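A.B. asks: I would like to see how this sequence folds:
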Amino acid sequence: MDRNDIKIYELKRMDLKGATVIDGFPSVGLVSSIAANYLIKVLEMEHIGIMDSVHFPTVSLIRDARPLSPVRIYAGRKGRGGDQIVAFISEFQAPPNLIRPISYTLIDWAIEQRCKMIVSPEGLVVDPELRDSAEISDVVFGIASTQRGRELLKQHGIQSFEEGVISGVAGILLNEGRKRDFEVLTLLAEAHPDFPDAKAAALVLEAIDELLLGIEFDAKPLFEEAQRIEEHIREIQKQAVVRRDERTPARPNMYG
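C.D. replies: Residues are numbered from 1 along each chain as shown. The predicted model follows:
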């Protein structure tokens, strides 16, 4: 499989020169999904396109009586203060064979659209001994693909992520950004891997706000969003069990 197996279809033309792209593919604690969902809502972003492939899940997400693709692209408007934001968002965890093609297609498109940078909100796996304690750090760490990005993180007081591993789409984007001299930032907060972590998402969003937006936001909707996502995950898990029993038909509302 290569990047040609994945394509982007534009539903609406928009000038995205200088915009910042948010990578909203699922990560530890669903930090990226929660953060991207929140930005789409608070910035009133428009649905401008989809990423599609024959290898993607054969589902249609139904929301407000409208069908939605598994991977969607939203964009905010220029001139609202701060950077123009574009978000790629998905509810499914990409299998290993799709991670590279998805990442290559995303960065190809960002460069083609003359976007300024890509930002990946990510969760850091919390030590099991700390998960139920108050010792989880409130620090947001950052890593950048270029020296320019490292200077930007330093200017805003974001602590450098010195050593470790960043996997998945975020990891490939960092490597490609360095290879192509294109700005990719990954912002990380410690998160619980077993459930949606709204606190970690809020910490990362504060860093995004500081770096790009300059707006004040209320963290309460993040907790509500995390609860909604968690309920969807539980529903999907229940339906996975139902589908193992061929005598029981699958319920139609796999996603809400």
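A.B. asks: and the residue nearest to residue 84 when sequence neighbours are not counted, how many residues sit next to it?
C.D. replies: With sequence-adjacent residues excluded and distances taken as CB to CB, 6 or more residues apart in numbering, residue 84 is closest to residue 19, at 4.1 Å. Yep, even glycine has a C-beta here, placed from its N, CA and C like the rest. As a burial measure, residue 19 scores 21 neighbours (other CB atoms under 10 Å).
A.B. asks: I figured residue 19 was touching residue 85, is that so?
C.D. replies: Yes. Counting by CB atoms under 8 Å, residue 19 sits close enough to residue 85 to count as a contact (6.7 Å).
A.B. asks: Now do the shared contacts for the two.
C.D. replies: Counting by CB atoms under 8 Å, 6 or more residues apart in numbering, the contacts common to residue 19 and residue 85 are residue 75.
A.B. asks: follow-up on the earlier one: could you check how far the residue nearest to residue 84 is from residue 168?
C.D. replies: 23 Å (CB to CB, to the nearest Å).
A.B. asks: and what of residue 144?
C.D. replies: If you go by CB to CB, the gap between residue 144 and residue 168 works out to 17 Å.
A.B. asks: For these two, indicate the residue with more neighbours.
C.D. replies: Higher neighbour count among residue 144 and residue 168: residue 144, with 25 against 21, using other CB under 10 Å.
A.B. asks: Could you give the average pLDDT over the host helix or strand of residue 177?
C.D. replies: Element membership for residue 177 (DSSP states H and E) is helix 168-180. Mean pLDDT, helix 168-180: 95.
A.B. asks: One more: stretch 43-52?
C.D. replies: 93.
A.B. asks: now do stretch 105-121
C.D. replies: 95.
A.B. asks: low-scoring stretches of this protein, by residue?
C.D. replies: Counting by pLDDT under 70, the chain shows low-confidence ranges at 1-4, 79-81, 126-136, 214-220, 222-227, 229-256.
A.B. asks: what ranges do the strands span in it?
C.D. replies: Assigned by DSSP state E, the strands in the chain fall at 6-10, 20-24, 46-53, 61-63, 66-68, 71-75, 85-90, 117-125, 141-144, 159-160, 183-191.
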